[in-house]
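Undergrad: Sequence and predicted structure are below.
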Amino acid sequence: MAQLDDWLPRLLIVDDHRLLTQALALALRLEGFEDVAVAEDFTTKGVLDAAEKAKADAVLLDLHLGGSASGVALIAPLVAWGAQVLVLTAEQAPHLLAECLEAGATGLFDKAQPFDNLAHLIRDAAHGRTVLEPAARDDLVAALRQHRARETVRLDVFSRLTPRESDVLRLLLDGLTADEIAAVQSVTISTARGHIRLILQKLGVNSQLAAVVLAHRASWGAETR
């Protein structure tokens, strides 16, 4: 059994993998962590209520909480509430991990690492000790800068569209024709075709299909619809 400091933090686990969560809570209790609670509601309010009820000193947080829920959005509210946040995830994308640090997470823990490492990480974080080497932190921050630079380039061409043109492009992505777009927007067919023509000019393509393909490749539709 790992040698732990006399004082051990109260913990809250926020993870939608029920079996893993139950196993982790049991293992932590066997390791000496007497106060281990599990969140059931993954909304911001639900997690904060659970943290308050548990009087959590540290929160073990997964990044992917089922559906479209993201643990990243929970980090800042938990830190503001007063908890140390340790990200416990299988996520490997450096820019996502860097976003966690940017939001205020104390440390990052790969689910594939040995459990004994986690026990020491929790102890160190709760006592304010460094749990991520400066060089590793710098590498993640650099990866986030590079990711954001690529995102800016990727979406730059779409920033030229007016709000109305963006709406029309979304309708094209939904498979609507010019006639159907005119009906949806209550405009004449010539107006709808005019919007489409301007979209093609701004995107530098020569057909509606090419515009749709470009938007899909850039994941523009997924981000703005």
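TA: Nice, I can see it. Being a predicted model, the structure only gives us computed values, none of them experimental.
Undergrad: ok, residue 176 - contacts?
TA: Contact partners of residue 176, counting by C-beta atoms under 8 Å, 6 or more residues apart in numbering, are residue 184. No exception for glycine: its C-beta is placed from N, CA and C like everyone else's.
Undergrad: Distance check, it against residue 35.
TA: 56 Å (C-beta to C-beta, to the nearest Å).
Undergrad: So the residue lying closest to residue 46 once chain neighbours are set aside versus residue 112, what's the distance?
TA: Closest residue in space to residue 46, ignoring its immediate chain neighbours: residue 39 at 6.7 Å, by C-beta to C-beta, 6 or more residues apart in numbering. Distance, residue 39 to residue 112, using C-beta to C-beta: 23 Å.
Undergrad: which one of these two has more residues nearby?
TA: residue 39 (26 against 7; other C-beta atoms under 10 Å).
Undergrad: now the strands for this structure?
TA: 11-14, 36-38, 58-61, 84-89, 107-110 (DSSP state E).
Undergrad: Now the second one: average pLDDT?
TA: So the one you mean is strand 36-38. Throughout strand 36-38, pLDDT has a mean value of 93.
Undergrad: Name the strands paired with that strand and say parallel or antiparallel.
TA: strand 11-14 (parallel) (DSSP bridges).
Undergrad: ok, and what's touching the strand it pairs with?
TA: With contacts defined as C-beta under 8 Å, 6+ apart, strand 11-14 is touched by 21, 24-25, 28, 33, 35-39, 42, 47, 50-51, 54, 56-62, 65, 71, 74, 83, 88, 122.
Undergrad: what residues are up against the spatially closest residue to residue 111 that is not a sequence neighbour?
TA: Nearest residue to residue 111, sequence neighbours excluded (C-beta to C-beta, 6+ apart): residue 90, at 4.8 Å. Listed by C-beta under 8 Å, 6+ apart, the contact partners of residue 90 are 110, 111, 112.
Undergrad: Cool, thanks, signing off.
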